[in-house]
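K.L.:
need the 3D shape of this:
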Amino acid sequence: MTDLCLASGSPRRRELLAQIGVPFTTVQASIDETPLPEEAPDAYVQRLAAAKASAGLAKAPSGTVVLGADTAVVCEGQIFGKPVSAEQAAHMLAALSGRTHHVLTAIALCTETRTEVCCVSTQVRFRHISHHEIQAYWASGEPVDKAGGYAIQGLGAVFVEAIEGSYSAVVGLPLCETAALLARFGVACWQPASVPGFVG
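P.N.:
Numbering: from 1, shown residues only. The predicted structure follows:
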């Protein structure tokens, strides 16, 4: 069985991989996440996912398949990363309030000889968010390390009126596409040792 390494410190991505029964190890893959001049959002997330996978490959044992991923919230062509201040979070959430935005999540798998990248786009529509709610949400601590300043799987779920596309991609890993990509690299889902009660 091919070994998989997740090049991410995200607990959400770890939980999602575990959900589909894929055993893996993890490595930290710190890269510069600054967008390039005039870089399109989909090109941006794909570049970062590939860069994270490549950085992880440098730390992983030989023969390992490495998974890198990146998520960005995009509104009116503007990339919203992770807010670092209350002011930045307030700006992002106010911009998303009452509007539809796109969440782009790219996944990349790489080995010493091969790299494949996939990008998934999901539409998310927010209801109107009041200034008081934005302040209270920031005070919860949840927006700090989340693209776009919110977590759809957490307290931020109350803002979401509708979603079109992959829910798991908004959380951080599109599971349908991830499973298909893993299969092409010889990594199986639903591995018995990773699924409680599974009899293989």
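K.L.:
just the buried residues of the lengthiest helix in the chain, please?
P.N.:
Using DSSP state H to define each element, the chain has its longest helix at helix 41-57. Buried residues in helix 41-57, counted by 16 or more other Cβ atoms under 10 Å: 41-42, 44-57. Placement of C-beta: from N, CA and C, glycine included.
K.L.:
ok, these vs residue 72, which is closest?
P.N.:
Among those, residue 45 lies closest to residue 72 (Cβ to Cβ), at 5.0 Å.
K.L.:
one step back: give the pairing partners of whichever helix or strand comes after the longest helix of the chain; include direction for each.
P.N.:
Per DSSP states H and E, the first helix or strand lying C-terminal to helix 41-57 is strand 65-75. When pairing is defined by DSSP bridges, strand 65-75 lines up against strand 4-7 (parallel), strand 78-80 (antiparallel), strand 100-110 (antiparallel).
K.L.:
what's the neighbour count on residue 122?
P.N.:
When neighbours are counted by other Cβ atoms under 10 Å, residue 122 registers 20.
K.L.:
apart from its chain neighbours, what residue comes closest to the residue positioned nearest the centre of the chain?
P.N.:
The centre of the chain sits closest to residue 172, judged by Cα atoms, centre = their mean, with a distance of 2.6 Å. Among residues not flanking residue 172 along the chain, residue 12 sits closest, at 4.3 Å (Cβ to Cβ, 6 or more residues apart in numbering).
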